[in-house]
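K.L.:
here is a sequence with its predicted model. Questions after.
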Amino acid sequence: MELLNRLHQQLQALDDKQLIRKRRTVDSPCGPRVTVDGRELLAFCSNDYLGLANHRKIKLALQEGAAIYGVGSGASHLISGHGRAHAMLEERLAQFVGDQLEAPRAISFCTGYMANLAVIAGLTAHDRDAEIFSEELNHASLIDGARLARVKTHVYPHADLPALETLLKASHAATKVVVTDSVFSMDGNLAPLPRLLALCEQYGAWLVVDDAHGFGTLGANGHGALEHFNLRSPYLVYMGTLGKAAGVGGAFVAAHETVIETLIQKARPYIFTTAAAPAMAHALLTSLDLLEGDEGATRRAHLQALVAQWNHGLRLQRWRRLPSATAIQPVIIGDNAETMRAGAALFEQGLWVGAIRPPTVAPGSARLRVTLSAGHTRQDVSTLITALNALERT
Ligand SMILES: *Cc1c(COP(=O)(O)O)cnc(C)c1O
């Protein structure tokens, strides 16, 4: 059949370029040690930065949530799917990041991908002449959000504030939306949020901050990148995900109450989808308590100690580290095939590290993406450092 043939040829072309991706089926809960095909591996590839994905208290809360609320929500939020648990979660989230916002309110989503589609499309829905200013290294969901918005989009070079300012100055749009990751997901570095916010305030633009990798890990109380930089502004629109450091799943947007009301009324990725299981929202209330309490602080401190250990211990010659103070620690290898070989060699030794190729990263910058977690021990991190230092020399 001709249609199938075309698909087959495309897959073959991917395979020829070492770009076929394979899924591995994990038989254990997410954690530093996972079982894959009957083998126990030490894993450095999840985004479970604080080791909460298999936390006893959150698991109990999820069970309790199912006992109280049942399983499915049954409908979208605007029909009948918005339950008490969702409402409580949204209030708690607004309070969680509220010190950084004016008139804070939050809205919850099934995934961060959908939250990003919703926030960009929602902020521009009333203005066909709106313009989006998107950082070059933004996550795919932000790029897709700009596509869904169907308004003019400028991409500014990574962390290049003068270039962004030139674009903002030249724009006559009444609605300007600057969009950035806070922690770049494949590089681990932080966006210059204070200077970005100053530009947005100067030129009257929204600043949408995707804090998928900062929420729970950054800031003294785990409130995220805005707390880390001590920012506060009515121009801020904050997106946090709840399936990474928070250990559960879902996402939220927090901003001025008028922004949130706009999303409820206008954002199609919010309106036309079934609400998440209320038990998830119930479990997240426990997760947020842990993040804000002593346990969160202890886990963040341990994670920081592991990041420091990593930065001191790795001695690369050919391969290249990128400067990162977060749990995301890339090792740039460059060539796709060599990156895959390095990933496979580590896997043989029982070490599971993500091998990232284009189009997730720029061509020629294939890498191992090491993610550290508070669930790791110092010994775990030493094991990986020793293996990588040796592997690079072979
Ligand atoms: C993971 C991620 C998302 C998507 O969040 P999900 O809840 O996994 O859909 C969005 N933005 C960034 C930067 C991410 O890393």
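P.N.:
Looks like it arrived, so ask away.
K.L.:
average pLDDT for stretch 71-85?
P.N.:
Confidence over stretch 71-85 (mean pLDDT, whole number) is 98.
K.L.:
run through who's touching it.
P.N.:
Counting by C-beta atoms under 8 Å, 6 or more residues apart in numbering, the neighbours of stretch 71-85 from elsewhere in the structure are 65, 68-69, 86, 264, 270-279, 281-282, 285. Just so you know, the C-beta spots here come from the backbone N, C-alpha and C atoms, and that holds for glycine as well.
K.L.:
how far off centre is it?
P.N.:
Offset of stretch 71-85 from its chain centre (C-alpha atoms, centre = their mean, to the nearest Å): 25 Å.
K.L.:
quick one, domains of the chain?
P.N.:
When the chain is parsed with automatic domain parsing, its domains come out as 19-48+294-392, 56-292.
K.L.:
next, format the ones you listed as a markdown table and append mean neighbour count and distance to the ligand.
P.N.:
Putting the domains of the chain into a markdown table (neighbours: other C-beta atoms under 10 Å; distance: least, C-beta to the nearest ligand atom, whole Å) gives the following:
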| stretch | mean neighbour count | distance to the ligand |
| --- | --- | --- |
| domain 19-48+294-392 | 17 | 7 |
| domain 56-292 | 21 | 2 |
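K.L.:
any chance of CSV for these, columns distance to Glu2?
P.N.:
Shown next, in CSV, are the domains of the chain (distance: least, C-beta to C-beta, whole Å):
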stretch, distance to Glu2
domain 19-48+294-392, 22
domain 56-292, 29
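K.L.:
show me the one of those domains that comes nearest His8.
P.N.:
Judged by C-beta to C-beta, the one of the domains of the chain that comes nearest to His8 is domain 19-48+294-392, at 12.5 Å.
K.L.:
tell me the gap between the helix or strand where Glu40 lies and the middle of its chain.
P.N.:
Here Glu40 is covered by strand 39-44, with elements defined by DSSP states H and E. What separates the centre of strand 39-44 from the centre of its chain is 22 Å, taken as C-alpha atoms, centre = their mean.
K.L.:
immediately after that strand, which helix or strand?
P.N.:
Following strand 39-44 in sequence order, the next helix or strand is helix 56-69 (DSSP H and E).
K.L.:
CA-only coordinates of that next one in CSV, if you can.
P.N.:
The C-alpha atoms that make up helix 56-69 are tabulated as CSV, following Å, rounded to 0.1, in the frame of the first residue of the first chain:
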residue,chain,number,x,y,z
ARG,A,56,4.8,7.0,50.7
LYS,A,57,2.7,9.9,51.9
ILE,A,58,1.8,11.0,48.3
LYS,A,59,0.9,7.5,47.4
LEU,A,60,-1.4,7.2,50.4
ALA,A,61,-3.0,10.6,49.4
LEU,A,62,-3.7,9.3,45.9
GLN,A,63,-5.4,6.3,47.3
GLU,A,64,-7.4,8.4,49.7
GLY,A,65,-8.3,10.8,46.9
ALA,A,66,-9.7,7.9,44.9
ALA,A,67,-11.7,6.7,48.0
ILE,A,68,-13.2,10.2,48.5
TYR,A,69,-13.7,11.3,44.9
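K.L.:
and for Leu4, the neighbour number?
P.N.:
Using other C-beta atoms under 10 Å, Leu4 has 8 other residues around it.
K.L.:
distance-wise, check it relative to Gln10.
P.N.:
Using C-beta to C-beta, to the nearest Å, we find Leu4 at a distance of 11 Å from Gln10.
K.L.:
straight-line length of stretch 20-28, end to end?
P.N.:
With C-alpha to C-alpha, to the nearest Å as the measure, the ends of stretch 20-28 fall 25 Å from one another.
K.L.:
now do stretch 220-233
P.N.:
With C-alpha to C-alpha as the measure, the first residue of stretch 220-233 is 19 Å from its last.
K.L.:
again, but for stretch 77-85
P.N.:
This stretch, stretch 77-85, spans 12 Å end to end (C-alpha to C-alpha).
K.L.:
now, the contacts of stretch 71-85 that are in helices?
P.N.:
With helices identified by DSSP state H, the entries of these that belong to them are Gly65, Ile68, Tyr69, His86, Ile264, Tyr270, Ile271, Pro278, Ala279, Ala281, His282, Leu285.
K.L.:
tell me the centre residue of the chain?
P.N.:
For the chain, the residue whose C-alpha lies nearest the mean C-alpha position (C-alpha atoms, centre = their mean) is Ala212; its distance is 3.0 Å.
K.L.:
which SS state does that one fall under?
P.N.:
Classification of Ala212 into helix, strand or coil gives coil, according to DSSP: H, G, I helix; E, B strand; the rest coil.
K.L.:
same check on Ala254?
P.N.:
Of the three states, Ala254 takes strand under three-state DSSP.
K.L.:
what residues does it make contact with?
P.N.:
Taking C-beta under 8 Å, 6+ apart, we find Ala254 in contact with 93-94, 96-98, 101, 104-107, 238, 240, 260.
K.L.:
and those residues, which is closest to Ser171?
P.N.:
Minimum distance to Ser171 across those is 23.1 Å, recorded for Tyr238 (C-beta to C-beta).
K.L.:
note down every partner strand of the helix or strand containing that closest one and its orientation.
P.N.:
Taking DSSP H and E as the definition, one finds Tyr238 inside strand 236-241. Strand pairing for strand 236-241, using DSSP bridges, gives strand 205-210 (parallel), strand 251-256 (antiparallel).
K.L.:
the nearest residue to Arg232 once chain neighbours are set aside and Leu4, how far apart?
P.N.:
Distances taken as C-beta to C-beta, 6 or more residues apart in numbering place Gln100 nearest to Arg232, at 5.1 Å, with adjacent residues excluded. The spacing between Gln100 and Leu4, counted by C-beta to C-beta, is 52 Å.
K.L.:
again with Glu295
P.N.:
When C-beta to C-beta is applied, the distance between Glu295 and Leu4 equals 52 Å.
K.L.:
for the protein, longest helix please?
P.N.:
Among the elements of type helix in the chain, defined by DSSP H, the one spanning the most residues is helix 294-313.
K.L.:
now that one, how far from the centre of its chain.
P.N.:
With C-alpha atoms, centre = their mean as the basis, the mean position of helix 294-313 lies at 19 Å from the chain mean.
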